[in-house]
Structures are given as structure tokens and as C-alpha cells.
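A.B. asks: Any chance you could fold what I've pasted below:
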Amino acid sequence: MHFSIDRKFFYEKLSLVSRAISSFSPIPALSGICIQVDSDQIVLTGSNSNISIRTTILSGELNQLQIHETGSIVIEAKYLLEIVRKLDCTMIEIECIDHSLVRLSSVNGQFQLNGIQAQEYPSIDFSAPSYSFTMNAKDLKECVAQTSFACSDKDQRPVLTGVNFHARQGTLYCSATDSYRLARKVISFENLHDFNITIPSKSLTEVTRSLEEDDMNIQIFVDHKKAQFLLDKTIIQTRLIDGTFPDVERIIPKESVAVMEVSAAELDSVIDRTNFIRNEKIHQIKLECTPEICRIKTSSIEIGNSDEILTDCTYTGQDLTLSCNGSFMLDAIRALHGEKVKLEFSGYMKPIRISNPEDPSILMIVVPIRSYD
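C.D. replies: Alright, predicted model coming up:
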């Protein structure tokens with residue numbers, strides 16, 4: 001194996017595949033990047049067995065790639081990235097000088113790294129699933145940003161650590177919940193087949209981080225075992241989460257007893273100002289709402305309390321007093337990306353429906369918490 005390539009270009013590609021690599025992998029080879037050099041291309045692969053990224057480098061003006069000898073090797077990702085990033089040169093030359101010894105050369109000097117023979121790298125099946133659809137990069141970014149924050153960060157119920165993609169009757173419902181809140185994004189498609197899969201939120205984050213342009217189209221392949229995202233010469237592949245995603249339709253209120261419409265900026269700032277007032281690390285806020293006045297209170301024996309009135313706010317319906325997690329409310333408000341926020345109350349201790357009046361495609365649900373004061 002022997003090739004030379006533009007250092008900056010090579011570093012960008014190494015950084016891309018390294019996103020799939022875990023430093024705590026039980027398989028030593030998976031802590032490295034597999035470099036496969038063919039006669040006309042270089043294939044870089046990184047994986048942690050749950051998510052795998054493969055990108056192909058073809059000769060071009062940007063990379064100035066020159067292949068002198070084919071071959072393959074696995075190099076520890078953190079060491080390879082560190083060297084390539086810090087080398088002060090335009091071109092870098094990489095050569096396998098022994099079965100598992102690699103030399104990285106520049107005009108100023110060279111490094112030698114111990115590698116792992118490519119035969120020890122696990123075989124990863126990158127064959128595309130049978131069904132695919134196309135999604136705009138901007139839509140995919142928005143979908144992930146407006147839902148994944150509501151995923152659970154605990155492993156007791158693995159299915160809640162992912163975003164559920166449920167396609168039915170030409171509509172894609174993207175939902176995330178930790179059982180205390182729900183975030184849902186709805187996107188319409190033409191000729192979309194029905195499917196129901198749950199993708200780990202960590203995998204979706206890596207996909208969106210890899211999207212460079214909002215106007216590009218992403219081809220997504222899915223089956224009952226894995227999902228693939230095809231971005232130009234890069235494949236990002238992820239395992240799906242086993243298990244049945246909860247029927248979130250049951251917790252979405254269909255009727256309301258009161259409705260509040262408020263400035264998103266004001267509601268955000270009022271709740272955010274009280275973020276330091278916590279009880280057992282929970283940011284609990286109390287909403288006291290009547291048609292005449294709406295106020296938000298917080299209280300902590302150790303810290304203090306607050307009481308603020310919402311000024312840019314209209315409220316209709318029953319008088320209500322209820323408490324909820326302020327951090328959950330802030331996440332929902334910020335994900336809506338609107339100037340106004342609409343809160344629909346279905347009753348005491350019943351789920352609160354939160355939405356952007358100008359964007360019906362996004363819906364948030366926050367479940368109230370019991371207050372004893």
C-alpha cells in the first residue's frame with residue numbers, strides 16, 4: 001500500500017469516518033480506521049458495530065491523489081488523526097513498509113505507526129436494503145433537531161433512545177419520547193411505502209453532522225435490520241433498535257379545556273431566568289393561568305423563589321394551576337422555531353400540547369408533574 005494525497009482533504013475524510021469509532025471498543029481493530037487502497041480509489045471505513053461510515057476517495061483536483069501501490073491496513077484512529085492534523089505540509093505520503101508498520105511522510109519528516117492487518121477488521125455488510133426514498137438534507141436536519149432531544153438517555157428501555165420513523169399513507173411521522181414528553185415532526189411524501197423503524201438518536205446526530213449543504217438530497221435505504229444514508233460518495237449505516245415503539249397517539253390530547261398563545265421569546269426568557277432554582281436537580285415551574293393573568297412561579301427551600309407575569313400572552317378557558325419540568329418546556333419552545341407558542345391544556349395533570357401556530361408539522365407534548373406546595 002502506497003499513496004500520496006492532499007493532507008487537508010485526507011484529514012476531512014478521516015474525521016468523517018472517525019465519527020463512528022468508539023474509544024471503548026471491545027474489538028481492537030474497531031478502534032482504528034480501515035484504509036483500503038485499490039487501483040483507482042481509496043475506501044475509508046470506521047465503525048463501532050452499531051454505526052458504520054464508509055467513504056470513497058477518487059482521484060481529483062481537490063485531493064491530488066496518486067496511488068502507487070494497492071493494499072490495506074487498519075490504523076488507530078486517534079493517532080492517525082492527530083498526526084495528519086498537525087503535519088505542516090500540503091501533501092502527505094502514506095506507505096505500508098511492513099505487514100503492520102505504516103510510514104507517514106511529508107517534506108519535513110516522517111512518522112511510523114504500528115497498524116493492524118486488514119484481515120482482522122470485522123466484515124461489514126454495506127449492501128443496500130431493498131427499499132429506499134429520498135429526503136432533502138434541510139428536512140432531515142430539521143426532523144432530527146426537532147425530535148431527538150426528547151429521546152431517553154437511559155438504557156432501561158432501549159427503544160426510547162431512538163427516533164421512530166413511521167411511514168403510512170404517504171406521510172412520515174418522526175417521533176421521540178422518554179415517556180415524560182413527546183416531540184413529533186410530520187413530513188409528507190409522494191409514493192412513500194409503509195414502514196416502521198426506530199433509529200438510534202446518536203446515529204442520526206452523526207448523519208446530520210455529515211450534511212454539508214442544505215439543498216442536497218439524501219437517499220435513505222431501510223429494512224427491518226438497518227438504515228443507510230447515502231451522501232455522495234459516503235455511506236452512513238446504522239443498526240435499528242429492536243422493540244416496539246410506544247403508540248404515542250394515545251398521549252396526544254384531542255381536546256382542550258384552555259388555550260394560551262404567548263410570545264416564544266418571552267416564555268423562553270421567563271423560564272430560562274429561573275433555571276438555577278431547582279429541587280433535587282429538577283427545574284420545576286408552576287403555571288397559574290386565568291383569562292385575566294398568567295404567571296410562572298418557581299420555588300426552592302434551599303435557593304429561593306420567583307414569580308413573573310407573562311405580558312405578551314392571551315389565555316382562554318378554565319382557570320388552571322399545574323407544574324411541569326421547565327427544562328422540558330424550554331427544549332420544546334426552542335425546537336418549534338416560531339415567534340409564537342401555542343399551549344393547549346387538556347386538564348389538571350393531563351398532557352400539555354405545545355405547537356407553533358404557523359407550522360402544523362411539528363408537535364410537542366409535556367406531561368405535568370405533581371406539586372406538593
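A.B. asks: what's the one helix or strand residue 139 maps to in contact with?
C.D. replies: Assessed by DSSP states H and E, residue 139 sits inside helix 137-145. Helix 137-145 is contacted from outside by 163, 174, 185, 187, 201, 204-205, 207-208, 211, 213-218, 335, using CB atoms under 8 Å, 6 or more residues apart in numbering. For the C-beta atoms, the positions are set from N, CA and C on the backbone; glycine is no exception.
A.B. asks: Need the outlier residue of this protein, farthest from its centre.
C.D. replies: residue 292 (41.1 Å; CA atoms, centre = their mean).
A.B. asks: Assumed that residue was part of a strand.
C.D. replies: No - Residue 292 sits outside any strand when classified using DSSP: H, G, I helix; E, B strand; the rest coil, being coil.
A.B. asks: Next one: it, what pLDDT does it get?
C.D. replies: If you check residue 292, the pLDDT there is 94.
A.B. asks: My understanding was that residue 366 contacts residue 351; is that so?
C.D. replies: Yes - with contacts defined as CB atoms under 8 Å, residue 366 counts as touching residue 351 at a distance of 7.1 Å.
A.B. asks: Checking residue 255 next. Helix, strand or coil?
C.D. replies: Following three-state DSSP, residue 255 is assigned to coil.
A.B. asks: That one: how many residues sit nearby?
C.D. replies: When neighbours are counted by other CB atoms under 10 Å, residue 255 registers 9.
A.B. asks: Skipping adjacent residues, who's closest to it in space?
C.D. replies: Leaving aside its sequence neighbours, residue 255 sits nearest to residue 346 (CB to CB, 6 or more residues apart in numbering; 6.4 Å).
A.B. asks: In contact with the one you found, which residues?
C.D. replies: Contacts of residue 346 by CB under 8 Å, 6+ apart are 253, 255-257, 352-353.
A.B. asks: Type out the PyMOL command that picks the buried ones from these.
C.D. replies: Entered in PyMOL, the line below selects the buried ones among these, by 16 or more other CB atoms under 10 Å:
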select buried, resi 256+352+353
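A.B. asks: I'd assumed residue 330 was in a helix, is it?
C.D. replies: Yes - assessed with three-state DSSP, residue 330 lies in a helix.
A.B. asks: What separation is there between it and residue 270?
C.D. replies: Residue 330 sits 10 Å away from residue 270, going by CB to CB, to the nearest Å.
A.B. asks: More neighbours: which of the two?
C.D. replies: residue 270 (21 against 17).
A.B. asks: This completes my enquiry, with thanks.
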